[in-house]
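**Q** Quick one: sequence plus predicted model below, questions after.
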Amino acid sequence: MSQFAKPSGFFGKILAYGMARGHRDFYKNAARILDLQKNDKFLELGFGSGIFIKRYASHVSKISGIDYAEAMVKLASEINRDLVESGKAEFRYGDVTSLPWDDNKFTAAVAIETFFFWPEPEKSLKEILRVLKPGGRLAIEMAYNNDDGLDHTKHIKQMGLQLRSGEEMKELLAQCGYSNISINYYQGLKMPIKGYIVPKGMIIKGFK
Ligand SMILES: C[S@@+](CC[C@H](N)C(=O)[O-])C[C@H]1O[C@@H](n2cnc3c(N)ncnc32)[C@H](O)[C@@H]1O
């Protein structure tokens, strides 16, 4: 399994900082679509470094996260130490296929650059729906996807990504019980000469 799918050890920690830097546009766009409010009870799936939470979620009322890389649980807890010590945030070790929370707990959830690694997407989406309160929202961000016009053969081979189009994601979320599903696109990661490396990043939003 690639370090992107499950960062571990010292290199995984360095990579997580690198991803947080490289994912700045992804975070910004996910935060715009999610529009977190003070009274939100927020869940992040596959939080990695936890830097999205530090930058865009520290104002909400409660924060929970789950990641199946032990190194990331440690790193995110360190990076958000104030939030953890005050009891506002918890970073749990575990897999998105089985969430350690009661039904109807969260008002908002996000998954940034992680959904395409999940081995059981349907089961995971149903688990997220279970822990969302009625009316709660989920945003799934994927910089690479099957609508972006790029050749992903190399990425699929190297990282084992499962890429989908917006319409396929819409169908999947609907099958899993989500409603009011919308697809949003953005451009990200602008490089000198090359231009945008992510020409059509995708964020799917659905409601319970
Ligand atoms: C590419 S990193 C993205 C991290 C972070 N969201 C960001 O954008 O900086 C993918 C993260 O998802 C986590 N992850 C992947 N599959 C998972 C699963 N099935 N359950 C829990 N975490 C998972 C990995 O451990 C890793 O931290």
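**A** Noted; the coordinates are in hand.

**Q** What lies in contact with stretch 119-126?
**A** For stretch 119-126, the surrounding residues in contact (C-beta atoms under 8 Å, 6 or more residues apart in numbering) are 45, 96-97, 115, 118, 138, 162, 172-173, 175-178. Any C-beta I mention is one placed from the backbone N, CA and C, and that applies to glycine too.

**Q** at 7 Å what do you get?
**A** The contact list for stretch 119-126, computed with C-beta atoms under 7 Å, 6 or more residues apart in numbering, reads 96-97, 115, 118, 172-173, 176-177.

**Q** And stretch 138-157, by the same measure?
**A** Applying C-beta under 7 Å, 6+ apart, the external contacts of stretch 138-157 come out as 26, 29-30, 33-34, 109-113, 115-116, 128, 132, 161, 163-166, 178, 188, 198-206.

**Q** which residue packs closest to the residue nearest the centre of the chain, ignoring adjacent ones?
**A** The residue lying closest to the centre of the chain (C-alpha atoms, centre = their mean) is residue 111, at 1.8 Å. The shortest distance from residue 111 to any residue other than its chain neighbours is 4.2 Å, reached at residue 45 (C-beta to C-beta, 6 or more residues apart in numbering).

**Q** which SS state does residue 183 fall under?
**A** Per DSSP: H, G, I helix; E, B strand; the rest coil, the secondary structure class of residue 183 is strand.

**Q** where does the nearest residue to residue 185 once chain neighbours are set aside fall, helix, sheet strand or coil?
**A** Excluding its sequence neighbours, the residue lying closest to residue 185 (C-beta to C-beta, 6+ apart) is residue 200, at 5.0 Å. Look at residue 200: counting by three-state DSSP, its state is strand.

**Q** Same check on the one 4 residues further on?
**A** Secondary structure assignment for residue 204 (three-state DSSP): strand.
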